[in-house]
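[1] the following block contains a protein sequence and its predicted model.
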Amino acid sequence: MIACFWSSTITLPGRAAVPTGGEVAMLRQQFYNIEMKKRTVLSLLLALFILGAFFRLYHLQSVPPGLYPDEAINGNDGIAAVRSGTFPVFFPNNNGREGLFVNLVGLAVAGFGHYPWAIRLVSALFGIFTVLGTYFFSRRLFRLFPVSGNMSAERIALFAAFFLSVSFWHVNFSRIGFRAIMAPFFLVWGLFFLFKIIGREEGLSKKTSAVFSAVAGGLFFGAGIHSYIAYRIAPLLLVIPFLIGIREWRRGTKKPQPCFPCLFILFLFFALIAASPLFLYFAAHPADFFGRTTQVSVFSSPEPLITLGKNLRDTLGMFWFRGDGNWRHNIAGEPQLILPVGILFALGIIVAIKEMTRSEMHKLSEVNRRSGGLGFMSKALIFIPRILRLSVSSTYGLLFWWIVLFLLPVITSNEGIPHALRAIGIIPAVYVLSALGLDWLFAHAALRIGKITHILLFMLLAGVALGNAYRYFGQWGISPNVADAFDVPSVKAGNFLNSLPSSTEKYIIVNRGGVSVNGIPMSAQTIMFITDTATAAEQAKKHVTYVLPEQAGRIARARGPIAVVLLGDSPSLRAQIASAIPDAVVQKISQDILIAGPRNLITPEILWEKTQ
């Protein structure tokens with residue numbers, strides 16, 4: 001894909017010397033006024049789609065290893081929903097979860113079986129199609145409101161989609177069974193269709209096209225409310241598109257165009273329809289609306305203002321200095337952006353500010369020149385409100401507002417700061433700004449060093465792709481810390497239980513903490529998923545019993561062959577197991593997980609074979 005992008009960019013004369021003034025003008029006309037051919041763009045977009053799919057599907061069955069209980073409960077609740085045919089809109093257990101992702105996971109598990117990759121496949125698909133959505137959103141945004149003559153909307157869109165397709169940050173959550181991965185998907189597609197109803201481009205003078213875009217955009221944007229609790233701040237993001245749309249509609253005097261206020265109301269109406277099932281649920285169950293919000297709020301800390309300041313510092317620093325320290329979310333402590341992209345993101349912020357204020361600053365410099373510099377500060381004060389007003393109703397203002405809004409849930413929490421998962425909604429905006437920085441750099445470099453720019457671009461893109469691939473598959477994916485973070489031993493214990501004869505009585509003593517789900521701590525969810533024993537009916541059918549430490553005496557009353565899994569090692573529980581199974585063999589498969597049973601069931605050879 002990178003080689004294709006390199007070879008398809010516009011050809012410049014191959015001289016390295018700095019062009020003269022006349023040559024610069026010729027180069028500008030040759031370089032900037034030629035658009036990529038449609039076939040080339042489609043080829044590049046297909047390559048990006050394949051690249052994004054590769055990063056999200058390669059070795060999905062083994063990376064990440066294990067299965068975290070928060071993923072497992074999505075599979076357990078999802079398959080229960082499929083079997084019952086109920087498909088709840090909200091699952092109140094495990095601190096509350098919107099139902100859309102869980103129900104889709106249930107369909108995947110029903111189709112492919114009780115494998116961790118079946119849960120994660122749903123995340124991967126959302127991640128792959130977010131790559132496409134980022135391209136279409138970016139292209140529409142910068143075609144509707146073009147950047148300065150040195151840059152290209154098509155290239156910015158391709159760069160943004162490329163960065164997202166290989167992003168460690170986005171790839172990681174595309175391969176974990178967390179519902180939050182849906183938030184960027186619904187944001188980019190919802191905003192893409194919303195910007196399709198602004199202006200007259202791409203056949204938007206046709207009423208049917210505009211109506212379709214308003215309906216589709218509303219459905220996508222409204223469906224996002226079913227993704228993740230942080231998405232609930234998204235309606236505030238619509239302020240800037242609304243202001244932009246009103247401004248462009250008022251300017252459209254030469255040619256007739258659709259009524260933007262009418263289309264925006266239609267957008268909101270269908271967004272409300274898409275979100276209404278969850279709103280109706282919350283109206284009937286208001287206590288479920290906040291979930292863990294009040295538990296992790298920064299305002300519940302002893303010194304909220306100081307904590308808020310630290311959170312702001314750490315969250316802003318996560319892009320370049322120190323990222324999320326949770327091994328499930330990141331290479332602990334590494335910046336969220338690989339170094340070249342971090343630099344381009346900073347450059348993109350500068351370029352966006354410059355573009356956003358360019359016209360007003362030009363007017364201010366003209367005023368200053370005519371007045372001979374007298375009273376410059378007083379005149380500047382007059383222009384500041386105009387610049388602020390322009391920023392609120394600009395495309396760059398939208399990107400900045402997007403990042404600010406979706407960082408608020410991170411900054412106002414007091415858990416795991418910086419928090420890459422909670423900040424997942426900003427990912428598309430971050431990579432659009434990074435792409436803006438790269439395109440500015442590419443356009444300016446091309447005029448000075450000619451074809452060498454293509455070589456440097458190829459090296460940069462290849463370095464970003466290979467660097468992120470190594471970070472994910474070569475560092476993070478094989479780290480023992482990741483295996484611990486995803487509870488690999490519980491998956492091994494579940495696989496071992498599956499290998500036993502169905503007539504064997506199987507007891508799982510849950511001596512771990514966690515939120516209680518149907519009277520059993522969350523930590524048992526992984527074994528429940530692997531063995532398909534989350535419900536009482538399945539437990540009875542497969543002779544599986546989950547007990548708390550104080551209920552371990554039930555093992556002594558069992559008859560026939562017995563196998564015991566101890567989640568959370570304890571000398572007293574070991575003694576109870578030994579008395580219940582006089583000839584018990586105890587094997588340790590991790591620091592705190594033991595398997596016990598008769599010698600014919602528990603041997604080192606069998607254990608090794610069944611838990612690999």
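    Yep, it's here.
[2] contacts, neighbours, all on C-alpha from now
    Noted.
[3] pretty sure His114 contacts Ile530?
    Yes - using C-alpha atoms under 8 Å, His114 is in contact with Ile530, at 5.9 Å.
[4] looking at the two, which is more packed in?
    Taking neighbours as other C-alpha atoms under 10 Å, His114 and Ile530 compare with Ile530 leading, 26 against 21.
[5] give me the phi and psi for that one.
    Dihedral angles of Ile530 (phi, psi; degrees, to the nearest 10) stand at phi -60, psi -40.
[6] equivalent analysis for Ile520, please.
    phi -120, psi 140.
[7] average pLDDT for stretch 525-534, rounded please.
    Taken as a whole, stretch 525-534 carries a mean pLDDT of 97.
[8] and if you look at stretch 406-415?
    Per-residue scores along stretch 406-415 average to 92.
[9] can you list the buried residues in that stretch?
    For stretch 406-415, burial by neighbour count (16 or more other C-alpha atoms under 10 Å) applies to Phe406, Leu407, Leu408, Pro409, Val410, Ile411, Thr412, Ser413, Asn414.
[10] following the helix or strand containing the first one, which helix or strand shows up next?
    Same thing as Phe406. Per DSSP states H and E, Phe406 falls inside helix 395-411. Sequence order places helix 427-449 as the next helix or strand after helix 395-411, per DSSP H and E.
[11] thought Pro409 was touching Tyr228?
    No - using C-alpha under 8 Å, Pro409 makes no contact with Tyr228, being 11.4 Å away.
[12] so the residue nearest the centre of the chain: helix, strand or coil?
    Closest residue to the average C-alpha location of the chain: Ile181 at 4.0 Å, with C-alpha atoms, centre = their mean. Per DSSP: H, G, I helix; E, B strand; the rest coil, the secondary structure class of Ile181 is helix.
[13] so how far is the helix or strand that Ile306 is a member of off the chain centroid?
    Taking DSSP H and E as the criterion, Ile306 maps to helix 304-317. In terms of C-alpha atoms, centre = their mean, to the nearest Å, the centre of helix 304-317 is set 22 Å apart from its chain centre.
[14] picking that back up, can you pull the contacts of the residue nearest to the centre of the chain?
    Ile181 sits next to Ser123, Phe126, Gly127, Phe173, Ser174, Ser227, Ile424 when contact means C-alpha atoms under 8 Å, 6 or more residues apart in numbering.
[15] tell me how far Arg422 lies from Leu316.
    Arg422 is 14 Å from Leu316, where distance means C-alpha to C-alpha, to the nearest Å.
[16] which one of those two is surrounded by more residues?
    Neighbour tally, Arg422 and Leu316, criterion other C-alpha under 10 Å: the higher count belongs to Arg422, 22 against 15.
[17] ok, the more buried one touching Pro184?
    No - judged on C-alpha under 8 Å, Arg422 makes no contact with Pro184 at a distance of 11.7 Å.
[18] which stretches of the stretch 1-150 of the chain form helices?
    Ranges of helices in the stretch 1-150 of the chain, per DSSP state H, counting those that start in this stretch, are 2-8, 21-32, 38-57, 69-84, 99-112, 116-144.
[19] mean confidence score for the shortest one?
    With pLDDT averaged residue by residue, helix 2-8 scores 46.
[20] likewise for the second one?
    For helix 21-32, the per-residue pLDDT values average out at 46.
[21] the fifth one too?
    Per-residue pLDDT values across helix 99-112 average out to 98.
[22] just the fourth one next, same as before
    Throughout helix 69-84, pLDDT has a mean value of 98.
[23] tilt between the helix holding Phe406 and helix 116-144?
    150 degrees (axes from the mean of the first three to the mean of the last three C-alpha atoms, to 10 degrees).
[24] and helix 395-411, what does it pack onto?
    If you count contacts as 3 or more C-alpha pairs under 8 Å, 6 or more residues apart in numbering; DSSP states H and E, helix 395-411 packs onto helix 239-251, helix 304-317, helix 339-370, helix 427-449.
[25] and with 7 Å instead?
    Counting contacts by 3 or more C-alpha pairs under 7 Å, 6 or more residues apart in numbering; DSSP states H and E, helix 395-411 is packed against helix 304-317, helix 427-449.
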